[in-house]
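> here is the input, now give the coordinates:
(one chain, ligands or ions: 2)
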Amino acid sequence: MLSNQRVVLTLFAYFIFASIYVEAFNSRVTQCPAFALSSIMSTRSSRYHLPVKSESPEKSQQPESLSNKDERIVGGQETTPNEFGFMAYLEVEFWNGDVAKCGGTLISERWILTAAHCTVGAVKVAVSLGAHDVSPGSTDQHRVIYNLEGAAAQSINYPGWYIGKVEDDISLIELPQDVVINQWIKPTRLPYSDDPDQVGDPVLLTGWGNYSSTPDSGLSPVLRQVGTTVISHSTCEATASQGSFSNDKIICGDGTQGRRYCYGDDGGPMNDYREDEQEWFVIGVAWFGDKTSDCQSSGKPNLYARVSSYVDWIHNQTGIPPRQRPTTTTPTTTERTTPTTPTTTTEDPNVFSCRNRENGLYPVPDVQCTKYFYYCSNGMAYLYDCPVAGTIFYYEACRCEYPANVPGCYGYVPEPFANALKRKF
Ligand SMILES: *[C@@H]1O[C@H](CO)[C@@H](O)[C@H](O)[C@H]1NC(C)=O
Ligand SMILES: *[C@@H]1O[C@H](CO)[C@@H](O)[C@H](O)[C@H]1NC(C)=O
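Ligands and ions are numbered 1, 2, ... in the order given. Okay, here's the model as predicted:
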């Protein structure tokens, strides 16, 4: 009896406390600071995270023996599932019946950047986002597939490009609707038009292409990555055996150690993680991966379209405005947090927007107890869920907590992913 009474009393006190708290919650106007994301995600399972530099190129920079085939693949290893939320997997069917698999890069809620040779003459394109394992028996949970046919499958190809031309092998695919950005699907950044050559910079190549030539592995079912470094134009031209091409339009990655793209990696990104902005940038688009030659031991450079030369063209075609390089000398918060998302998309009042919001964490509006929360970064909204099963987002404390520890959420059972999405979007 006594213990029952105590429970009732405790619950009663709890509800009073909770309702006071709910009021405080509603009247609160500030947001969790941006750093709270990393503290929340530090208790994560490995799939929930933003990229950090130590996990990108450097780690795979140590020289490896070329004979170490298992590790080496075409130079790299499998990625953590959904680590690179901007990766698109393209299955293309051409007018003549040919089919191809290519990589692509999500550069906004609406647009995929890829290679023109992957899309010219396409009659069907299946675009997968949030994919890791693309094999038929895959248990990928976060994969979203857009099947484009006919006119919808027609990409915007860079004018003047023809099959075999090294320069300008770049194209854009428009999705039928804006994709919902979450921790598995998120656009990457376009580079600045005045970026330097980046010779010597570490970069990361990602794709589902062949990962071994002897024996022939075929395409990779899972997304793979390989770190390499940008080489000079003269070295690249001298070793690529592709005639002369412009430094402005082609960026090359070192392939002498067998760290290479291969058949099937075409159209995919050369990625550059920029520490100062803590973001990935797509600085290259893969030209033809070797179709017949031995990717592994040819030692040839990796040829990529240099995206910084195409940002104006991309702007013209998509409305994605070129970004201004943040000024590092004057670290004024107002400048850094000015939203720079394209203003072309019309805002849906039912969808949370980070436009005009400071960087940081935000609760899902009108939902009191949920494992979901938003992360605003430079005007872009990312939907996250709490990494530890059974926990929900406790906004007041800027952390994920068990419902019993979150005022007003006692006894709440976190919803499954699909339901929450149905409700919110
Ligand atoms: C890639 O794999 C395909 C399918 O097994 C094979 O036909 C092709 O020769 C391979 N290409 C390279 C360069 O390894
Ligand atoms: C962008 O569009 C303008 C106006 O149509 C045109 O003058 C300009 O050359 C275009 N720029 C690029 C890089 O395509």
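> now for residue 134: which residues touch it?
Residues in contact with residue 134 (CB atoms under 8 Å, 6 or more residues apart in numbering) are 89, 128, 140, 143, 208, 221-222. The way it works is simple: take the backbone N, C-alpha and C, and place the C-beta from them, glycine included.
> need the per-residue pLDDT for the residue nearest to residue 216 when sequence neighbours are not counted.
Nearest non-adjacent residue to residue 216, counting by CB to CB, 6 or more residues apart in numbering: residue 210, 7.0 Å away. Per-residue pLDDT puts residue 210 at 89.
> so who does residue 210 touch?
Neighbouring residues of residue 210 by CB under 8 Å, 6+ apart: 74, 216-220, 262-264, 289, 295.
> picking up where we left off before, ok, and the most crowded of the contacts of residue 134?
In terms of neighbours by other CB atoms under 10 Å, the contacts of residue 134 top out with residue 208 at 26 neighbours.
> is it true that that residue touches residue 218?
No. Contact between residue 208 and residue 218 fails when scored by CB atoms under 8 Å: they sit 10.6 Å apart.
> can you report how many residues lie near the residue lying closest to residue 398 once chain neighbours are set aside?
Distance criterion CB to CB, 6+ apart; nearest residue to residue 398, sequence neighbours excluded, is residue 32 at 3.7 Å. By other CB under 10 Å, 22 other residues sit near residue 32.
> now residue 385
Neighbour tally, residue 385, other CB under 10 Å: 21.
> count of neighbours near residue 361?
Residue 361 has 22 nearby residues by other CB under 10 Å.
> from the contacts of residue 210, which shows the smallest pLDDT?
Lowest confidence among the contacts of residue 210: residue 289, with 70.
> which residues touch that residue?
207, 209-210, 261-266, 295.
> would you pull up the residue in the stretch 1-150 of the chain closest to ligand 1?
Proximity of the stretch 1-150 of the chain to ligand 1 (CB to the nearest ligand atom) peaks at residue 74, 8.3 Å away.
> I'd like to know how far residue 271 sits from ligand 1.
Distance from residue 271 to ligand 1, counting by CB to the nearest ligand atom, to the nearest Å: 22 Å.
> mind checking pLDDT for that residue?
Value listed for residue 271 in the pLDDT field: 97.
> that one - that's part of a strand, no?
Yes. Assessed by DSSP: H, G, I helix; E, B strand; the rest coil, residue 271 belongs to a strand.
> and residue 111, bridged to which residues?
Here residue 111 sits in beta bridges with residue 174, going by DSSP bridges.
> hang on, isn't it packed against residue 320?
Yes. With contact defined as CB under 8 Å, residue 111 reaches residue 320; the gap is 6.8 Å.
> overlap of the contact sets of those two?
Both residue 111 and residue 320 are in contact with residue 314, where contact means CB under 8 Å, 6+ apart.
> what's the first-to-last distance across stretch 220-237?
Distance between the two ends of stretch 220-237: 29 Å, counting by CA to CA, to the nearest Å.
> buried set for it?
For stretch 220-237, the neighbour count (16 or more other CB atoms under 10 Å) marks 220-231, 233, 236-237 as buried.
> please see if that stretch touches ligand 1.
No. Contact of stretch 220-237 with ligand 1 (CB under 6 Å from any ligand atom) is absent, the minimum separation being 9.6 Å.
> for this structure, what spans make up the helices?
Secondary structure of the chain (DSSP state H): helices at 2-27, 35-41, 69-72, 116-119, 233-240, 311-318, 333-336, 417-424.
> by mean pLDDT, show me the worst of these.
Across the helices of the chain, helix 69-72 gives the lowest mean pLDDT, at a mean of 30.
> show the pLDDT at residue 325.
85.
> number of residues surrounding it?
By other CB under 10 Å, 13 other residues sit near residue 325.
> how near is it to residue 359?
18 Å (CB to CB, to the nearest Å).
> and residue 186, by the same measure?
Counting by CB to CB, the gap from residue 186 to residue 359 is 15 Å.
> higher neighbour count, the two?
A direct count of neighbours by other CB under 10 Å for residue 186 and residue 359 places residue 186 higher, at 24 against 20.
> out of everything not next to it in sequence, what's closest to that one?
Per CB to CB, 6+ apart, closest to residue 186 is residue 85, 3.9 Å.
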